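Q: Could you look at this predicted model? Sequence included:
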Amino acid sequence: MNTKRLIVLLMTMVFTLGVVGLSFSAQAQTQAQEIKGIVSRIDGNMLTILDDMKKEKTVKVKDKDLESLKAIKVGDRVLVKDGMVTKGGT
């Protein structure tokens, strides 16, 4: 009986640590997001960018940076880092 309890406890710990690891990984990716490319679509505070690898990525611009978004047009080259837009990102 003790062996079964030990196995169940071990499996529970492995599952819990796996879920926690995945959540930290997802959080790190969203915090360090930097995308360079050409704007292909603007929808409110969402920019769709065609990056240098020819993949479309959609990012949300932070509310405090909406004024700089007004200067951006489809076809402009931009850099988006942590939700902040810079025109002409190289």
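A: Structure received. A quick note: this is a predicted structure, and the numbers were derived from the prediction, not measured. Residues are numbered from 1 along each chain as shown.
Q: quick one: strands adjacent to the strand ranked longest in the chain?
A: In the chain, taking DSSP state E as the definition, the longest strand is strand 34-43. Sheet pairing here is set by DSSP bridges, and for strand 34-43 it gives strand 46-51 (antiparallel), strand 77-81 (antiparallel).
Q: Just send those back as JSON lines, with distance to residue 67, mean pLDDT and mean neighbour count too.
A: C-betas here are computed from N, CA, C, even on glycine. Shown next, in JSON lines, are the strands paired with strand 34-43 (distance: least, Cβ to Cβ, whole Å; pLDDT from 0 to 100; neighbours: other Cβ atoms under 10 Å):
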{"stretch": "strand 46-51", "distance to residue 67": "14", "mean pLDDT": "89", "mean neighbour count": "17"}
{"stretch": "strand 77-81", "distance to residue 67": "15", "mean pLDDT": "89", "mean neighbour count": "18"}
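Q: Turn these into TSV, columns for distance to residue 38.
A: Shown next, in TSV, are the strands paired with strand 34-43 (distance: least, Cβ to Cβ, whole Å):
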stretch	distance to residue 38
strand 46-51	5
strand 77-81	5
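Q: wait, which of the ones you listed is closest to residue 21?
A: strand 77-81 (25.4 Å; Cβ to Cβ).
Q: Look up the closest residue to residue 35, ignoring the ones flanking it.
A: Closest residue in space to residue 35, ignoring its immediate chain neighbours: residue 80 at 4.8 Å, by Cβ to Cβ, 6 or more residues apart in numbering.
Q: show me what contacts that neighbour?
A: 33-36, 47, 49, 59, 61, 86, 89 (Cβ atoms under 8 Å, 6 or more residues apart in numbering).
Q: Try it again at 10 Å.
A: Shown in contact with residue 80 (Cβ atoms under 10 Å, 6 or more residues apart in numbering): 33-37, 39, 47, 49, 57, 59-62, 65, 72, 86, 89.
Q: And the lowest mean pLDDT element among the helices and strands of the chain?
A: Least confident helix or strand, the chain: helix 66-69 with a mean of 74, by mean pLDDT, DSSP states H and E.
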